[in-house]
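Colleague: Starting from these lines, generate the structure:
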Amino acid sequence: MMADQVRRLVVAVTGASGGHYAVRILQLLHAVPEYEVHLIISSAGAVTLRQETGLKPTDLSALATTTYRNSDIGAAIASGSFPTSGMIVAPCSIRTLAAVTNCDTGTLIVRAADVCLKEGRPLLLMVRETPLHKGHLRLMSAAADAGAIIAPPMPAFYTRPASVAEIIDYTARRTLQRIGVPALAPNPWTGLHHEGAALPTGDSQPFPDRESERA
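Modeller: Take a look at the predicted model:
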């Protein structure tokens with residue numbers, strides 16, 4: 001493996017809800033100088049990003065090494081000869097999922113994703129949609145069969161987050177850990193019986209006693 005292959009990551013932002021995850025992933029990577037980030041934002045991604053976060057594509061570009069237009073299918077990351085260590089689509093819209101699954105490589109995001117699959121590099125899709133019908137599930141299954149990592153941004157509550165920001169941070173770190181960036185992984189789970197990690201008891205139970213409610 002070439003040394004520069006370890007340092008390059010492609011991050012794509014599409015039009016699904018969840019732009020905060022992309023922002024946090026980019027912030028975390030920006031703090032690790034040895035990682036080179038190649039960013040693509042779709043037109044729908046830019047619209048949703050502004051709606052949810054108030055940020056513009058240029059705000060995210062400031063956190064990346066290189067930013068590409070989604071129409072730039074001749075960009076370096078569109079070729080398998082340009083080594084990277086993988087790609088994250090955060091968030092991943094159903095439209096993007098469908099295009100990746102069907103090898104519809106008319107945009108740079110899908111082309112770069114297809115390159116990862118054909119070269120055997122990690123491709124992580126943070127699919128953001130709910131409820132899911134069978135068509136969505138079939139697409140995710142087919143993408144997984146092709147080698148993609150399907151990682152919907154599910155919140156983890158066993159860490160007892162105190163804010164939405166903590167939920168976003170943990171999910172972003174788990175995503176980076178899964179794609180192969182161990183330096184940014186969250187603190188590991190140490191089990192229920194360690195100090196400070198016991199299940200709540202007595203008055204601190206997280207769910208009320210339904211019998212008491214009815215009394």
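Colleague: And the helices in the protein, which stretches?
Modeller: 3-7, 19-30, 43-53, 57-61, 94-101, 108-119, 134-146, 164-179, 210-214 (DSSP state H).
Colleague: Mind putting these into CSV with mean pLDDT?
Modeller: Output for the helices of the chain, formatted as CSV (pLDDT from 0 to 100):
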stretch, mean pLDDT
helix 3-7, 54
helix 19-30, 98
helix 43-53, 97
helix 57-61, 97
helix 94-101, 98
helix 108-119, 98
helix 134-146, 98
helix 164-179, 97
helix 210-214, 46
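Colleague: Would you point out which residue is most central in the protein?
Modeller: residue 90 (3.9 Å; Cα atoms, centre = their mean).
Colleague: got the contact list for it?
Modeller: Contacts of residue 90 were listed using Cβ atoms under 8 Å, 6 or more residues apart in numbering, and they are 11, 12, 13, 18, 21, 22, 25, 124, 126, 153, 175. In short, each C-beta sits where N, CA and C put it, glycine included.
Colleague: between those residues, which is nearest residue 50?
Modeller: Relative to residue 50, the closest of the contacts of residue 90 is residue 13; by Cβ to Cβ it sits at 11.5 Å.
Colleague: Average pLDDT for stretch 151-159, rounded please.
Modeller: For stretch 151-159, mean pLDDT rounds to 94.
Colleague: bridging residues for residue 66?
Modeller: Counting by DSSP bridges, residue 66 is bridged to residue 38.
Colleague: mind checking how far it is from residue 39?
Modeller: The gap separating residue 66 from residue 39 is 7 Å, by Cβ to Cβ, to the nearest Å.
Colleague: any idea how far the residue nearest to the centre of the chain is from residue 14?
Modeller: 8 Å.
Colleague: same check, this time on residue 184
Modeller: 22 Å.
Colleague: Settle it for me: which of those two has more neighbours?
Modeller: Just comparing residue 184 and residue 14: by other Cβ atoms under 10 Å the higher neighbour count belongs to residue 14, 33 against 18.
Colleague: Now do the same contact list for that one.
Modeller: Here residue 14 is in contact with 42, 44, 45, 89, 91, 92, 93, 95, 96, 109 (Cβ under 8 Å, 6+ apart).
Colleague: Let's have those residues in TSV, adding neighbour count.
Modeller: Shown next, in TSV, are the contacts of residue 14 (neighbours: other Cβ atoms under 10 Å):
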residue	neighbour count
42	25
44	16
45	26
89	31
91	28
92	32
93	24
95	15
96	25
109	27
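Colleague: Kindly indicate which of those lies nearest residue 32.
Modeller: The closest of the contacts of residue 14 to residue 32 turns out to be residue 89 (Cβ to Cβ; 20.1 Å).
Colleague: Now do the same for that closest one: its pLDDT.
Modeller: 98.
Colleague: Next one: it relative to residue 27, how far apart?
Modeller: For residue 89, the distance to residue 27 equals 17 Å [Cβ to Cβ].
Colleague: With residue 17 instead?
Modeller: Where residue 27 is concerned, residue 17 sits at a distance of 19 Å (Cβ to Cβ).
Colleague: Could you do residue 7 as well?
Modeller: 17 Å.
Colleague: Same check on residue 157?
Modeller: 23 Å.
Colleague: For the two, indicate the residue with more neighbours.
Modeller: residue 27 (13 against 10).
Colleague: So what's the residue count around residue 172?
Modeller: Residue 172, neighbours per other Cβ under 10 Å, totals 26.
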